[in-house]
Each structure stands twice: as structure tokens, then as C-alpha cells.
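Visitor: this one's structure only:
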Ligand code: SAH
């Protein structure tokens with residue numbers, strides 16, 4: 001049976017010629033051969049030239065995601081195996097100070113819609129598009145062969161699956177989960193990871209280098225870890241010699257895990273304060289009561305998944321950054337992050353600058369932060385860059 005085709009509207013081949021891996025619905029003139037969601041389709045220009053082979057995603061506005069630019073490359077289980085092997089080899093070569101890492105970062109590894117995270121002997125697979133969904137079993141087989149994990153757990157429950165019209169799916173795909181809690185070691189610290197119930201795939205692997213930076217700056221400082229989740233930053237900062245840490249999160253379960261993580265690493269419990277509450281309100285309360293810190297980490301959830309929601313998100317970012325800046329003593333440090341795809345680094349810097357201006361505080365940038373090297377950004381796919389951070393001194 002011939003491979004179904006998507007024929008683009010005239011002139012709409014340009015972004016594919018620049019090797020951007022997405023085909024938007026608006027660029028497609030017609031489909032030939034009745035492709036079904038997840039099927040491999042050949043993308044042709046209006047003039048009939050082959051541009052790429054791609055995974056068809058019917059309900060999504062991203063109508064197809066490119067597998068290969070090479071007309072002779074068959075999209076089959078061997079292809080999936082090859083791409084996975086290449087991604088995994090590139091991670092192993094990084095010599096990260098952790099047994100937890102992102103093995104596959106979707107489009108930036110030539111595997112659109114596919115994320116694989118490793119936590120020691122456990123792998124977590126996320127299938128986020130129809131193409132990923134179609135190749136789920138071959139993905140699991142190849143991962144078993146390449147990594148020999150104890151378990152492959154599936155966390156295909158990210159919101160973006162809704163845009164594909166795919167229902168959420170969570171559960172064990174291969175092997176079995178060990179009875180004891182799953183631990184990830186990061187720069188000599190141990191963290192418990194909740195595969196089934198944690199955020200994302202269980203842990204924020206993308207912040208590893210930034211947690212290590214925070215640790216190196218924390219000595220003797222009274223620190224606030226705002227949006228702490230399971231205490232990644234707080235644990236590193238206490239080990240780095242922080243005088244005390246205050247953790248704020250609105251998830252009681254995350255804070256419980258944070259307390260266990262401190263204990264597991266023999267860090268002094270009496271130096272930690274846990275506040276279960278809305279960060280916006282807690283920061284305001286601190287401001288009103290004149291509470292001060294020497295260092296604040298602000299690592300909020302995604303306020304703006306897309307550019308369309310950027311404006312509302314900007315207000316949220318400005319609000320918390322303004323409040324955080326006001327809590328800092330002179331010489332204090334703010335590590336502030338945004339993981340919103342809709343807010344780029346330039347806009348984020350503008351928002352933080354606006355917050356400092358409104359707070360009447362002179363501040364400067366000491367450093368810029370991003371996602372770790374195991375979350376690479378393909379040059380033809382700038383959307384792969386989502387995490388940005390600023391290290392600010394007041
Ligand atoms: N810094 C963490 C990751 C933070 S993820 C790490 O390195 O592991 C963002 C966290 O913000 C989540 O734990 C979520 O529960 C929390 N959160 C989301 N909205 C919140 C709010 N309004 N107030 C307080 N916490 C919130």
C-alpha cells in the first residue's frame with residue numbers, strides 16, 4: 001500500500017525546508033490515501049516534491065510531526081530503535097552527576113512527542129502525540145533492550161495530550177515497580193521519586209544544574225524556596241550550608257516528601273520550615289509582616305503554556321518577582337525561573353526588570369540559567385527551549 005500523503009498549500013513548504021519539524025493544519029491543502037491518526041505520511045510541497053515523512057495527528061492543529069527528512073528512511077521499529085540508541089548514547093556521554101536524567105527530549109532528539117526519563121533502574125515513558133502513541137510498544141521493546149530497566153512506567157497524562165484528542169494513560173508498561181521507594185541520586189543527595197503520582201514524570205530533572213548552583217551560593221544565608229515541590233532546591237541549599245530554609249508549596253503531599261528528603265540526607269530538620277499554602281498569599285503575608293531573607297528561589301509552575309496566554313502569565317510572574325525582591329536584604333540573591341513556553345528569555349527579563357522598577361529596588365543580573373544538557377534544544381526547534389532563569393543580586 002502506498003504511503004498516504006499530505007500535500008501542502010503553495011509556499012507553505014518553507015518552514016519544513018528550514019527543517020522545522022511541525023506541519024500546521026493551516027499549511028495542508030489536502031490529504032491523499034486517507035491517513036489515520038498515528039500513520040506515517042509523506043509530506044509533499046504543492047509542486048509535488050518530497051519534503052519529509054511524518055506522523056499524522058488528526059485532531060491536532062499540529063497536523064503532522066516529522067520523523068525523517070530522508071525519503072529512503074523507513075519508519076519502522078528499527079528506526080525507533082536507532083533514534084533511541086542515539087539519544088541514550090548522547091546522554092551517557094554527558095557524565096551527569098546523577099542517575100536521573102532525561103534520555104529522550106522529544107523533537108530535539110528526532111523523536112517528536114516522545115519523552116523518556118530515567119530514575120536509576122526505572123524508566124518513565126511519555127507519549128504526547130499520535131505518532132508516539134502508535135509506536136508505544138516498539139518504544140518499550142527497544143528501551144528494554146537498550147537499558148534493561150527493572151520497570152518502564154508510563155506517564156502519558158500531560159495536558160497536551162488533550163490537544164491531540166488522546167485520553168490520559170498511567171501505568172506499568174514493562175517489568176514491575178520495586179516495593180521500596182524509588183530514589184534518585186543527584187550530586188550525592190538522594191531524592192524520593194513518586195513515579196505514579198508525582199508531577200511530570202516524578203521529579204524536575206531539568207533544574208539539576210540550577211539546584212547545584214543554588215547550593216554553592218547558600219552558605220550562611222536564610223533562604224526561601226518558593227514553589228518547592230519535593231524540596232529539590234531546599235535540600236541542596238541546606239547541604240550547601242544555608243542557615244535555614246523555608247519551603248512554600250500548595251501541595252501537602254509534595255511537602256511531606258520534601259521533609260522525608262531532608263531526613264534521608266541527614267540534614268537538620270530544625271533548620272527547615274514548611275508552609276503549605278498559596279505562594280502569592282504567603283509572599284504577601286511575609287511582606288506585610290516585614291519578614292526578610294538572604295536568598296529566594298522562585299520556581300513556579302507553567303503560567304503560560306502558549307504565546308496566547310503570555311499576557312496573563314506576565315502579570316503572575318511580575319507579581320511574585322516584585323514580592324520576592326521586597327523580601328530580600330541588601331546583597332540578597334533571587335533565583336527566578338519561568339518554564340512557560342509562551343514566555344521567552346527576553347520577555348522574562350523584561351518582566352523581572354519591571355518588577356524591580358516597581359519595587360523601587362536596584363538589582364543586577366549575575367547569571368542566566370536554563371534547562372540541563374540532558375534537555376537539549378535542536379537548533380531547528382527553538383520551541384524545545386522552555387526553562388529560563390535569572391540570578392539576580394539586589
Ligand atoms: N523547584 C522544584 C519544582 C517546582 S514545580 C524542584 O526543583 O523540584 C512547581 C511547584 O509549585 C509544584 O510543586 C506545585 O505544587 C507548586 N504550586 C503550584 N501553584 C502554586 C501556588 N499557587 N502556590 C504554591 N505552590 C504552588
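Guide: Perfect, thanks for sending it. This one's a predicted model, so the numbers in the text were calculated from it and none came from an experiment.

Visitor: and this structure, which residues reach the ligand?
Guide: Within the chain, the positions near the ligand by Cβ under 6 Å from any ligand atom are 199, 204, 207, 227-230, 232-233, 248-251, 254, 278-280, 299-301. C-beta: built from backbone N, CA, C; applies to glycine.

Visitor: In strands, which of the residues you listed appear?
Guide: Within the residues of the chain next to the ligand, residues falling in strands by DSSP state E are 248, 249.

Visitor: The residues of the chain next to the ligand, buried ones only, as a ChimeraX selection?
Guide: With 16 or more other Cβ atoms under 10 Å as the criterion, this ChimeraX line picks the buried residues out of the residues of the chain next to the ligand:
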select :204,207,227,228,229,230,232,233,248,249,250,254,279,299,300
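
Visitor: Spatially nearest residue to residue 185 (excluding sequence neighbours)?
Guide: Leaving aside its chain neighbours, residue 185 sits nearest to residue 99 (5.3 Å; criterion: Cβ to Cβ, 6 or more residues apart in numbering).

Visitor: ugh, wrong one, residue 328
Guide: Nearest one to residue 328, counting by Cβ to Cβ, 6+ apart, is residue 394 at 4.9 Å.

Visitor: Could you measure from that neighbour over to residue 380?
Guide: Remark: distance between residue 394 and residue 380 (Cβ to Cβ, to the nearest Å) = 39 Å.

Visitor: surely residue 136 meets residue 128?
Guide: No: between residue 136 and residue 128 there is no contact under Cβ atoms under 8 Å: 11.2 Å.

Visitor: which one of the two has more residues nearby?
Guide: residue 128 (21 against 18; other Cβ atoms under 10 Å).

Visitor: Could I get the full set of helices for the chain?
Guide: Using DSSP state H, the helices assigned to the chain run over residues 14-17, 77-92, 130-134, 136-147, 160-163, 208-217, 232-239, 252-264, 279-288, 310-326, 345-359.

Visitor: Tell me, how many residues neighbour the closest residue to residue 27 other than its chain neighbours?
Guide: Among residues not flanking residue 27 along the chain, residue 12 sits closest, at 3.8 Å (Cβ to Cβ, 6+ apart). Residue 12: 18 surrounding residues under other Cβ under 10 Å.

Visitor: List the contacts of residue 12.
Guide: The contact partners of residue 12, by Cβ atoms under 8 Å, 6 or more residues apart in numbering, come to 26, 27, 28, 29, 45, 46.

Visitor: do that again at 10 Å, thanks
Guide: 23, 24, 26, 27, 28, 29, 45, 46, 51 (Cβ atoms under 10 Å, 6 or more residues apart in numbering).

Visitor: Redo these as JSON lines? Include pLDDT, distance to residue 361 and neighbour count.
Guide: Listed next are the contacts of residue 12 as JSON lines, based on pLDDT from 0 to 100; distance: Cβ to Cβ, whole Å; neighbours: other Cβ atoms under 10 Å:
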{"residue": "23", "pLDDT": "98", "distance to residue 361": "46", "neighbour count": "27"}
{"residue": "24", "pLDDT": "98", "distance to residue 361": "42", "neighbour count": "15"}
{"residue": "26", "pLDDT": "97", "distance to residue 361": "45", "neighbour count": "9"}
{"residue": "27", "pLDDT": "98", "distance to residue 361": "46", "neighbour count": "19"}
{"residue": "28", "pLDDT": "98", "distance to residue 361": "50", "neighbour count": "18"}
{"residue": "29", "pLDDT": "98", "distance to residue 361": "54", "neighbour count": "13"}
{"residue": "45", "pLDDT": "98", "distance to residue 361": "54", "neighbour count": "19"}
{"residue": "46", "pLDDT": "98", "distance to residue 361": "55", "neighbour count": "13"}
{"residue": "51", "pLDDT": "98", "distance to residue 361": "51", "neighbour count": "21"}
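
Visitor: What about these, which are in strands?
Guide: Short answer: the contacts of residue 12 in strands (DSSP E) are 23, 24, 28, 29, 51.

Visitor: Hmm, residue 147 is touching residue 116, no?
Guide: Yes: here residue 147 lies in contact with residue 116, judged by Cβ atoms under 10 Å, at a distance of 8.8 Å.
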